[in-house]
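pasting the sequence and the predicted model now:
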Amino acid sequence: MGDNLRADLGRIHDLVHQLSQLRSNLVDAPSRFDESAADMGNKAMSAATTVFGDDWGVFRTQLVDDITKLGVFADTAAKTYAGLDADLARQIHGVLDAPPPSHRMLPTTD
């Protein structure tokens with residue numbers, strides 16, 4: 001199953017960083033719907049803007065939660081891949097230690 005598994009850890013780390021930035025932007029962005037609703041001058045438009053703002057607030061909260069979960073998943077995946085790679089390297093190094101000097105092949109001179 002894992003014969004052809006490849007993971008670009010650099011790209012995964014970039015993804016984690018980008019998701020973190022996106023999350024911060026969404027969390028830190030002020031909601032201006034209340035201000036906009038007050039400035040509408042029309043009760044129906046003001047009410048519609050308020051409803052839209054409330055809906056966006058709910059959606060934004062869910063979006064931030066989903067981005068957070070995706071970031072944790074990607075970070076965990078990168079750490080797992082890196083750990084597996086390090087474990088494999090240690091195991092290979094233990095099995096493939098250099099042979100004693102008497103068993104090494106010396107180049108022939110013809």
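Everything's here; your move.

only C-alpha atoms for contact and neighbour calcs from this point on.
Noted.

can you name every helix or strand that the host helix or strand of residue 83 contacts?
Taking DSSP states H and E as the definition, residue 83 sits inside helix 43-95. Contacting helix 43-95 under the criterion 3 or more CA pairs under 8 Å, 6 or more residues apart in numbering; DSSP states H and E are the following elements: helix 9-28, helix 33-39.

among those, which comes closest to residue 86?
Comparison of those against residue 86 by CA to CA identifies helix 9-28 as nearest, at 12.9 Å.

the closest one versus helix 43-95: what angle between them?
Computed by axes from the mean of the first three to the mean of the last three CA atoms, to 10 degrees, the angle separating helix 9-28 from helix 43-95 equals 150 degrees.

mind listing what's buried in stretch 33-44?
33, 37 (16 or more other CA atoms under 10 Å).

how long is that stretch from one end to the other?
14 Å (CA to CA, to the nearest Å).

among the helices and strands packed on helix 43-95, single out whichever gets nearest to residue 85.
Across these, closest to residue 85 is helix 9-28 (CA to CA), at 10.8 Å.

check which residues of the closest one are buried.
For helix 9-28, by 16+ other CA under 10 Å, it's 9, 12, 13, 15, 16, 19, 20, 23.
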